[in-house]
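In: need the 3D shape of this:
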Amino acid sequence: VSILGNVASIVAIFIGLCSLNLKLGLMLLVAFIPSMIACAYFSNKLKDIYGYTRNQLAFLNSILADFLYGMKTIRSLGLSHLKLQKLNRQIQKYAQAQMKMVKTFALFHPTYTLGIGVMMLILVYLGIPLVQERALLIGEWVAALSYIVALQQPLMEISDRWNFFLAGLTSIDRIIEVFD
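Out: The predicted model follows:
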C-alpha cells in the first residue's frame, strides 16, 4: 500500500508541475524518465544479486553444518584441513557476493539523486528565463523547486520498500527451491 501511495505522490507532483507551467512540467517529466529506467535496471540487477547472495549463504550454511556435525569423523580421518579450506573458500564467495550487493547499492541511490539534480538544473535553465519573461511567476518557480525536492522522499521510500520486497521474493524462491 505504501508503494502505491508513493507512486500517487509522484503522479500528483507531476500534475502540480504541469499545472504551474505545462512546458516546464513536461520537460521535467522527460528528465525524470531516465531516472526511472535506471531504477528499473538496478532493481533487476539487485534481484539477481540477492539470489546469488542467498545461494552462497545457503552453501555456506550447509558446509558449516557438515563440518560441525561430522567433527569426530573428520578429525579421525585427518580431513580437518581440507574441510577448513572448503569452508574458507565458501566464506570468500559469500563475502564477494555481499560486496557485489554493496557496490550496486553504492551506485543505486546516487543515480536517482543525480536524476533529481538534473531536474533542478533544467528548472534553473528553463525556469529563470520564464520568470524573466513573466511567463512564470517567481512563486510558481519556487513551488516547482519545492515539488522537485518533494520527489526525493517518495522515490527513496519506493526504492527501499522495493528492495525489501526483492529480498523477500528471493527468500521465497530459495524456500521453494529447497522443497522441490
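
In: okay, CA-based contacts and neighbour counts for the rest of this
Out: Fine.

In: so L24 versus P34, what's the distance?
Out: Separation of L24 from P34 (C-alpha to C-alpha, to the nearest Å): 17 Å.

In: so for these two, which sits in the more crowded spot?
Out: Between L24 and P34, L24 has the larger neighbour count (other C-alpha atoms under 10 Å), namely 21 against 14.

In: what's the first helix or strand after the helix or strand that one falls within?
Out: Secondary-structure assignment from DSSP states H and E places L24 in helix 22-69. Later in the chain than helix 22-69, the nearest helix or strand by DSSP H and E is helix 71-77.

In: and D180, what pLDDT?
Out: Looking at D180, its pLDDT reads 69.

In: again, but for P154
Out: 86.

In: give me the nearest residue to it, chain neighbours excluded.
Out: N6 (4.9 Å; C-alpha to C-alpha, 6 or more residues apart in numbering).

In: and that neighbour, what element?
Out: N6 belongs to helix 2-20, assigned by DSSP H and E.

In: now what about that helix, what contacts it?
Out: Residues from elsewhere that reach helix 2-20, judged by C-alpha atoms under 8 Å, 6 or more residues apart in numbering: 24-26, 29, 136, 140, 144, 147-148, 150-151, 154-155, 157-158, 161.
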